[in-house]
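Q: A structural model of the following input is requested.
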Amino acid sequence: MNESTDVSRQATTLRDALCGSLRLEDIDQTVTVCGWVGRRREHGEHLAFVDLRDHSGIIQCVIDGSVDVRSEYVLRVTGTIRHRPDGTVNDKLATGEVEIGDCTVEVLSAAEPPPFSLEDRAEIDEQVRLRHRFLDLRRPRMQRNLRIRAGVNRALRAAMDAQGFVEVETPILWAPTPEGSREFAVPSRLHHGSFYVLPQSPQLAKQLLMVGGLDRYFQIARCMRDEDLRADRQFEFTQLDIEASFVTQDDILGFISGAVLDAAEIVTGDRPTEIPVMTWHEAMDRYGSDKPDLRVPEQLIDLSEVFADSEVRAFSAPVVKALRLSGHSGMSRSMLDGLTEQAKLHGAKGLAWFRVLDGEDGLGLDSPLDRFLSDDERSKVLAITGAVAGDLLLMVADEWRLASEVLGTLRSTLLSPPVSEGAPHYLWVVDFPMFDGVDAAGNPSAAHHPFTMPHPDDLDLLETDPHAVRSQAYDLVLNGWELGSGSVRIHRSDIQSRVFRALGISDEDAEERFGFLLGAFRYGAPPHAGFGMGIDRLVAIFAGEDNIREVIAFPKTQSGTDLMTGAPAAIPAQNLLELGLRPQPREA
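A: Numbering: from 1, shown residues only. All right, here's what the predicted structure looks like:
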C-alpha cells in the first residue's frame, strides 16, 4: 500500500509511539512503545537486543540481559531514542538507523513458543497457518494484506459517496434469491419447518430500494453461496453492491470504473488508464473466454475458410479454430496426448496439433495429420497463423462456441501467469446472451437472472429465437478473474411477462417465487440497473496474492472447514429440537 514512511504517532494510555514510526528526528526523545518480541539476541552477559514488533514495523530495544523476555512476549518498553552504533545500521528496516536505549521493560503478557516462525520468509504449511490463524495474522504479510483491504474499502466508499450513492444495509436473513447458486438455509425457531436463507447478494432488496425512491444505493455487502471452494471463491465473500435509478448501462460502467480506479490509485500510487469495453461475442471469438486474460497476447485464429472444402474428416465441422503457441514445438508427445484428453473432457471430439519446423523447402508441419493436408491448406495455415519455426499449433473443429471455449481453456492453462503477476489488465465484457442452454423441461435457462433487461434490438426474438437474444448484462474482468457482474433490470411488466414465458415460468409460479418484488413493481418502478463486484478478488490482485484466503482474516479451507474453530460442528440435540429439526445419525 502506498503509505508515508512516517507512520503517525498514536497517543494512548499504554504507548505514545508506534514501533515503526521512530526515525532520526526522534533522537534524544523518551518514548514508550508496546508490541511483541520478534527476536532476542544476547550481547555479552549484561545486554540483550530485542526486536519489538507491532503492526507498523520493528524497533530494536537494548535491555538488561537479566530481564526474561522471549519470542512473542508482549512488552511495554520505555527508553530514549538514539543512533545505532557505527556498523550496526540495518538498511532493510525503516527504523534501522535508530534504537531505544536505557530501557525499562514491563511484561504485559508471557507467551508459549509459537508453533511456526512469524517471519514472512518462512515457508509454513497452510493447514498449520489456518489452525493458528490468530498467530498468522501477526505476520507482516497478513498485516499488509488486511490494511490494503481496508484502504480499498475506504476508497470504494469515498468514490460511491462522491457519486451520490447512499449506503444502506440489507437483511442477512432473507428469502431465496434468483441468482441460481446453492444457498445456505437457516431454520426458524419460531416457525418450525420454515427457513430463511443467507443472501447470495442483496439483489431483490436493492431493486426494492429503487422502487422506494433511494435513487442510488451502495453497500459493502456480505454475501454467502454454498458452492465448491477454489482460489477465487469462499462460502462467505464481500462485494461492492450498487443499484441506481434512471441510468443506462454506460452510467453503471462509469460509476464502477471510477471507484475501481480510485482504489487502484490509493493502493499502488498509480491510476490505470480507462477500462476498455468488449462484447461477449468478441471475447469468446478472440480469446475463448468471457473473462479473458489480456496479459496473454495470443488470440484464437479462425481457419474455417482454409478447411471449408477439405477432405480431412477431422476438420469437417462448422468452425475450425487454432491457437498458436510460440516456442512450444518441443512439447513431448505425452504432453500433447494430455492436452488432447483435456480438450475431450471439455466436450471436443479431439485436438489436432502441428509442430512448425524448418525444412529444406522452407517451413513445414509435423503432425500425424500433416500427410492428409493439401499443399494449399498447409501454406494457408502457416500464412494465416503467422507461425514460425519452433511454434506449436493447436486446432479444434466443432461448433463455434465449443471450439472457442476448448481452445480458450487451453490458452488459459498453458499461457496465463498467476493472476497476481504483471500489470493489471481490466476489461468490461458486455452484451452477454440472455439465455444459456435449456433446463430439464426444454425451456431456455437465464444466463444471468430473470430480471435482466434484453437488448432493445433483440426484443422481437424473445418468442422466435430466444437463444439469439442479447442481454444488457456486463462483467468486469481483471487478469482473467471475473471481479463482478451486473445488468440493467426489467422494470416493465409486459417485458417481464415475456421473459418469464420464455423461461417456462407460469404467472402462478412467478407470483409464488417473486411476488413481493412484482407486487412492488406495480406501484411504479423506475428504470434501474446495478452491479456487484468481489472485493476479495480485487484486493488479492492488488496484494499480489493468487488466493483470496490470503486477504480474508478468517477464511475456510478448500473443503469448507474452519481449522481454528472447528466449524462446521454438531450442535446439541436439544438445540435442534427447538428449531423443529430431528437429529440424524452421523454417517460412518
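Q: which residue ranges form the helices in this structure?
A: Assigned by DSSP state H, the helices in the chain fall at 126-131, 133-136, 140-162, 203-211, 249-268, 280-287, 333-345, 375-385, 400-415, 493-502, 507-521, 535-542, 573-578.
Q: ranking those by burial, who's on top?
A: helix 535-542 (a mean of 25; mean count of other C-beta atoms under 10 Å). (Each C-beta comes from the backbone N, C-alpha and C, glycine too.)
Q: Next, the angle helix 140-162 makes with that helix.
A: Using axes from the mean of the first three to the mean of the last three C-alpha atoms, to 10 degrees, the direction of helix 535-542 lies 120 degrees away from that of helix 140-162.
Q: Please state the offset of helix 535-542 from the chain centre?
A: 6 Å (C-alpha atoms, centre = their mean, to the nearest Å).
Q: Parallel or antiparallel, which strands does the top strand by length along the chain pair with?
A: Secondary structure of the chain per DSSP state E: the longest strand is strand 30-43. Here strand 30-43 has these sheet partners by DSSP bridges: strand 47-54 (antiparallel), strand 74-83 (antiparallel).
Q: before we move on, the earlier item: could you tell me the least trusted of the helices of the chain?
A: The weakest mean pLDDT among the helices of the chain belongs to helix 507-521, with a mean of 86.
Q: Using CSV, write out every CA atom in that one.
A: Below are the C-alpha coordinates for helix 507-521, written out as CSV (Å, rounded to 0.1, in the frame of the first residue of the first chain):
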residue,chain,number,x,y,z
ASP,A,507,-47.8,-16.5,-13.8
GLU,A,508,-48.6,-18.5,-10.7
ASP,A,509,-45.0,-19.7,-10.2
ALA,A,510,-43.7,-16.2,-10.8
GLU,A,511,-46.1,-14.8,-8.2
GLU,A,512,-45.1,-17.5,-5.7
ARG,A,513,-41.3,-17.0,-6.2
PHE,A,514,-41.1,-13.3,-6.7
GLY,A,515,-44.5,-11.9,-5.7
PHE,A,516,-43.2,-9.3,-3.3
LEU,A,517,-40.9,-7.8,-6.0
LEU,A,518,-43.5,-8.0,-8.8
GLY,A,519,-46.1,-6.5,-6.4
ALA,A,520,-43.8,-3.6,-5.7
PHE,A,521,-43.2,-3.0,-9.4
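Q: what packs against it?
A: Taking 3 or more C-beta pairs under 8 Å, 6 or more residues apart in numbering; DSSP states H and E as contact, the helices and strands that helix 507-521 lies on are helix 203-211, helix 493-502.
Q: Just put those in a markdown table and tack on distance to Pro450.
A: Listed next are the helices and strands packed on helix 507-521 as a markdown table, based on distance: least, C-beta to C-beta, whole Å:
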| stretch | distance to Pro450 |
| --- | --- |
| helix 203-211 | 11 |
| helix 493-502 | 6 |
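Q: Quick one, which of these gets closest to Asp64.
A: helix 203-211 (60.9 Å; C-beta to C-beta).
Q: Any regions of the stretch 1-150 of the chain where pLDDT drops low?
A: Residues of the stretch 1-150 of the chain meeting the criterion pLDDT under 70: 1-12.
Q: nope, the stretch 351-500 of the chain is what I was after
A: Short version for the stretch 351-500 of the chain, where the test is pLDDT under 70: none.
Q: show me what contacts Thr127?
A: Let me fix one detail, which is that residue 127 is Gln and not Thr. 557, 563 (C-beta atoms under 8 Å, 6 or more residues apart in numbering).
Q: Report the residue ranges of every domain in the chain.
A: The record assigns the chain these domain ranges, following automatic domain parsing: 19-109, 297-415.
Q: With distance to Leu146 as added columns, please give these in a markdown table.
A: Shown next, in a markdown table, are these (distance: least, C-beta to C-beta, whole Å):
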| stretch | distance to Leu146 |
| --- | --- |
| domain 19-109 | 9 |
| domain 297-415 | 29 |
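Q: related to what we said a few turns ago, so which of the helices and strands packed on helix 507-521 is nearest Glu550?
A: Across these, closest to Glu550 is helix 203-211 (C-beta to C-beta), at 28.2 Å.
Q: what's the angle between that closest one and helix 507-521?
A: Using the same axes, to 10 degrees: helix 203-211 against helix 507-521 is 40 degrees.
Q: mind starting the numbering at 42 from now?
A: Shifting the count to begin at 42 puts that one at helix 244-252.
Q: okay, helix 244-252 in PDB with CA atoms only?
A: Written as PDB, here are the backbone C-alpha positions of helix 244-252 (Å, rounded to 0.1, in the frame of the first residue of the first chain):
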ATOM      1  CA  GLN A 244     -30.300  -8.500  -5.500                       C
ATOM      2  CA  LEU A 245     -34.000  -8.200  -4.700                       C
ATOM      3  CA  ALA A 246     -33.600  -5.900  -1.700                       C
ATOM      4  CA  LYS A 247     -31.700  -3.300  -3.800                       C
ATOM      5  CA  GLN A 248     -34.300  -3.400  -6.500                       C
ATOM      6  CA  LEU A 249     -36.900  -2.700  -3.900                       C
ATOM      7  CA  LEU A 250     -34.800   0.200  -2.700                       C
ATOM      8  CA  MET A 251     -35.100   1.700  -6.200                       C
ATOM      9  CA  VAL A 252     -38.900   1.300  -6.100                       C
END
